[in-house]
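>>> Show me the folded form of this:
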Amino acid sequence: LAKEHDLLQNAVALREAVTESYEILVGDRSENVSDLLGVAIEAVNELDPLAHLAVRLRTLSSELSDVATELRQSIDSFESDPERLGEIRQRRAEFVRLIKKHGVSLADVVQAGEQLKARIKELESSDELRAQYRRDLELTEAKLMAAENAVGDARRLAAVPLAERVEAHLHELGLTGARLVIDLPDEGIADDVCFLFAANRGESALALSKVASGGELARAMLALRLVLSAGPSTLIFDEVDAGIGGEAAIAVGRALRELGRHHQVIVVTHLAQVAAFADNQLVVDKYEEEGRTLSRVSPVEGDLRVSELARMLSGHPESPSAKVHAAELLAEVRLNLRNVR
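Sure, this is the predicted structure:
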């Protein structure tokens, strides 16, 4: 298009140049190149020493004749055509617009054209595609339903054993009359899972999140984590020892220690029996400084830990009998841990 545009735009000038060149070479004028070349050939034609030049001049004459013929033939190709010139300009402007819309080169336009052709073909066969998509959807839905049923069946199959194992740990953690039920829908994927809990015998099991106290909920979570191996790397328990003491407190401490073998376990406790099982014991207390009340976290180790456990047992960290009890508690815990290993 660019080449044709240049030809049409310069058609008049080109035609004039070709015509003038033709006239100079062989035109009907008093002297032209062809006639002069003929004179030159005639002048040297009979002279033997210049015979080789005569041959070259005749070659030039033949070449000149060929050039003149091509010039004469090309005159008609340089015709002015304003209408065609306008069409070419419009078409080139359209290409510029398409390049701006679809990329930076004509190659991008061609690629976009192929994509649009494919899209048109797709739209023209939309009924077939719709039917194919519908078949694919039905097949996918059937596979999804089968997978949901398989997951649901696995959940229903695991619900009772899981509840029984968690319930057993609840009994060890001081909730001797507790009952746990995992309620699932009878069909489908069983996404709607409800943990039902009764803290005491004879009570109806209701939603754990609604009826359990803070301590019961913490112990339920602890029991669940003891059964399930997966979980977050750090677990925090607060009030897990609420309302218990004696052997139940020892059981809670032992359970937390067991859980700490695979997780980082942080426990807020007021029971010495639970604190004694910790790898690291920290004390949080308040103090005043420049008229402000601040909180402080301090590690307790060695004799300080015995004094802290004595304070937790009796309220008097320097009580001789409380210290003896605290030391016995730590010794019992260490013995218990060695026996477990």
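>>> List the contacts of stretch 299-312.
Stretch 299-312 is contacted by residues 270-272, 275-276, 280-283, 316-319, 322-323, 325-327, 329-330 when judged by CB atoms under 8 Å, 6 or more residues apart in numbering. For every residue, glycine as well, the C-beta is placed using N, CA and C.
>>> Can you flag the buried ones in those?
In terms of neighbour count (16 or more other CB atoms under 10 Å), the buried residues within the contacts of stretch 299-312 are 271-272, 275-276, 281, 317, 319, 322-323, 325-326, 329-330.
>>> and the nearest residue to residue 183 once chain neighbours are set aside, what is it in contact with?
Counting by CB to CB, 6 or more residues apart in numbering, residue 183 lies nearest to residue 194, which is 4.4 Å off, once chain neighbours are set aside. Going by CB under 8 Å, 6+ apart, residue 194 touches 182-184, 207.
>>> Would you mind measuring from residue 194 to residue 87?
With the distance defined as CB to CB, to the nearest Å, residue 194 ends up 77 Å from residue 87.
>>> Which elements pack onto the helix or strand residue 182 falls within?
Counting by DSSP states H and E, the element that carries residue 182 is strand 179-183. In this structure, strand 179-183 packs against helix 126-172, strand 194-198, with contacts taken as 3 or more CB pairs under 8 Å, 6 or more residues apart in numbering; DSSP states H and E.
>>> for the shortest one, what is the average pLDDT?
In this case it means strand 194-198. In this model, strand 194-198 has an average pLDDT of 94.
>>> Adjacent strands (with direction) for that strand?
Strand 194-198 has these partner strands in its sheet, going by DSSP bridges: strand 179-183 (antiparallel), strand 206-207 (antiparallel).
>>> buried sites along the first one?
Using 16+ other CB under 10 Å as the test for burial, strand 179-183 gives 179-182.
>>> Adding pLDDT and distance to residue 148 as columns, could you present those residues in JSON lines?
What follows is the buried residues of strand 179-183, written out as JSON lines (pLDDT from 0 to 100; distance: CB to CB, whole Å):
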{"residue": "179", "pLDDT": "93", "distance to residue 148": "29"}
{"residue": "180", "pLDDT": "94", "distance to residue 148": "25"}
{"residue": "181", "pLDDT": "95", "distance to residue 148": "23"}
{"residue": "182", "pLDDT": "95", "distance to residue 148": "18"}
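>>> for the residues you listed, which one is nearest residue 222?
Distances from residue 222 to those, taken as CB to CB, are shortest for residue 180 (12.7 Å).
>>> quick one: that closest one from residue 160, how far?
Counting by CB to CB, the separation of residue 180 from residue 160 is 10 Å.
>>> Equivalent analysis for residue 282, please.
40 Å.
>>> Repeat that for residue 43.
If you measure residue 43 against residue 160 using CB to CB, the figure is 127 Å.
>>> Just confirm residue 253 contacts residue 276, I think it does.
Yes: assessed by CB atoms under 8 Å, residue 253 is found in contact with residue 276 at 6.4 Å.
>>> what sits in contact with each of the two?
The contact sets of residue 253 and residue 276 overlap at residue 333 (CB under 8 Å, 6+ apart).
>>> if we can go back for a sec, need the buried residues of strand 179-183 in TSV with distance to residue 79, can you?
Below are those laid out as TSV (distance: CB to CB, whole Å):
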residue	distance to residue 79
179	104
180	99
181	98
182	93
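>>> can you tell me which of these lies nearest to residue 47?
Using CB to CB, the shortest approach to residue 47 within these belongs to residue 182, at 125.9 Å.
>>> Am I right that the closest one is in contact with residue 160?
Yes: with contact defined as CB under 8 Å, residue 182 reaches residue 160; the gap is 7.5 Å.
>>> how many neighbours does residue 218 have?
Applying other CB atoms under 10 Å, we find 22 residues neighbouring residue 218.
>>> Which residue, other than its chain neighbours, is closest to it?
If the residues on either side of it in the chain are set aside, residue 218 comes closest to residue 240, at 3.9 Å by CB to CB, 6+ apart.
>>> Next, count neighbours for the one you found.
In terms of burial, residue 240 registers 27 neighbours under the definition other CB under 10 Å.
>>> Next: residue 167.
By other CB under 10 Å, 18 other residues sit near residue 167.
>>> Same question for residue 153.
Each residue near residue 153 was counted by other CB under 10 Å, and the total is 14.
>>> Same check on residue 23?
By the measure other CB under 10 Å, the count of residues near residue 23 is 15.
>>> Surely it is in contact with residue 32, unless I've mixed up the numbering?
Yes: taking contact to mean CB under 8 Å, the distance of 7.2 Å between residue 23 and residue 32 places them in contact.
>>> what do those two both touch?
Where contact means CB under 8 Å, 6+ apart, no residue is in contact with each of residue 23 and residue 32.
>>> Okay, now the unreliable bits of this protein?
Within the chain, the stretches with pLDDT under 70 are 30, 229-230, 337-341.
>>> Max pairwise distance over the contacts of residue 194: which two?
Among the contacts of residue 194, 184 and 207 lie farthest apart (CB to CB), at 13.8 Å.
>>> between these two, which one's more packed in?
In this view residue 184 and residue 207 are compared by other CB under 10 Å, and residue 184 has more residues nearby, 18 against 12.
>>> who's in contact with the more buried one?
Residue 184 neighbours (CB under 8 Å, 6+ apart): 152, 155-156, 159, 190, 192-194.
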